[in-house]
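Trainee: Predicted model follows, preceded by the sequence.
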Amino acid sequence: MKDYYIKTNRTFTNIRKYAWIFTILVAIGGLWEPKLGLFVVFIMIGLIITAFFTGRYWCGNFCPHGSLFDKVLMPISLNKKIPNFLKSKPLSISFFIFFTYNFSKKVINVFSLWGSLDFFDKLGAIFSNTYLIVLVIGGFFAVFINPRTWCQFCPMGTMQKLSYILGKITGVNKNTEKKITISNKDMCYTCGKCSKVCPFQLAPYLKFSEDNQFDNIDCIKCATCVENCPADILSLKTKKETNI
């Protein structure tokens, strides 16, 4: 299994190539200018809204930390198999509760300073310090295990899942979510390359549904498998587009 996973390009747009600069700016720059952390509020709003319509698309296409992991750290990553316990639901849920409790507690305490000159600095510092923690811990995991290890239990990823589930319950994302789609199952080489290059180490070729789509809540729609499929039979499509 040591050489099973392949390092390959995951950045197909300028946003995915350079969004990591935002992470450095907020995490490091926030130590001198805490207000930079306030920009993270817009990141949180963006990922929640997009998740409602198309799942974890943000993770694979806009996330500044994802850009850091894939563009900057992947070349030096050991790129090993992500341990199952780091991908487990109990860990994700537990960490989400832990994060939400501590984050909310800090925000509530800062709001006691509302109206003071320090308010926005203190509030921004909460976000910038959080970004710094993710930079350090996520970066460590990225180098010594796999670039997307942190993403397995990232609180923002869990938040996206909750938003996505709500969109699914209401039926809103039925026609808006793009999924990995195979044009013809019989043409698949079953080589497993889609699994070997997948940032989340998923296995689309083994789990296509009857409508030829890969229905997995953890898929970040990064299209890395699409770009690397030797048979050129994968694409990102909505359910409606598969019927055209």
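Mentor: Good, I have the coordinates. Numbering: from 1, shown residues only.

Trainee: hey, let's count contacts and neighbours off CA atoms from now on
Mentor: Noted.

Trainee: Nearest spatial neighbour of Phe99, chain-adjacent residues omitted?
Mentor: Among residues not flanking Phe99 along the chain, Pro155 sits closest, at 6.9 Å (Cα to Cα, 6 or more residues apart in numbering).

Trainee: Surely Ser235 is within a strand?
Mentor: Yes: according to DSSP: H, G, I helix; E, B strand; the rest coil, Ser235 belongs to a strand.

Trainee: distance of it from Ala27?
Mentor: Computed as Cα to Cα, to the nearest Å, the Ser235 to Ala27 distance reads 35 Å.

Trainee: just Lys161 next, same as before
Mentor: Taken as Cα to Cα, the span from Lys161 to Ala27 is 25 Å.

Trainee: Name the residue in these two with the higher neighbour count.
Mentor: Higher neighbour count among Lys161 and Ala27: Ala27, with 25 against 19, using other Cα atoms under 10 Å.

Trainee: so what's the more buried one up against?
Mentor: Neighbour list for Ala27: 37, 128-132, 135 [criterion: Cα atoms under 8 Å, 6 or more residues apart in numbering].

Trainee: let's see it at 7 Å
Mentor: Residues near Ala27 by Cα atoms under 7 Å, 6 or more residues apart in numbering: 128-129, 131-132.

Trainee: Got the domain ranges for the chain?
Mentor: 14-166, 178-242 (automatic domain parsing).

Trainee: Run through who's touching stretch 175-195.
Mentor: 53-55, 201-205, 212-215, 221, 225, 228-229, 231, 233-240.

Trainee: buried subset of the residues you listed?
Mentor: 53-55, 201-205, 212-215, 221, 225, 228-229, 234-239 (16 or more other Cα atoms under 10 Å).

Trainee: Restricted to strands, list those.
Mentor: Using DSSP state E, the subset of those located in strands is 234-237.
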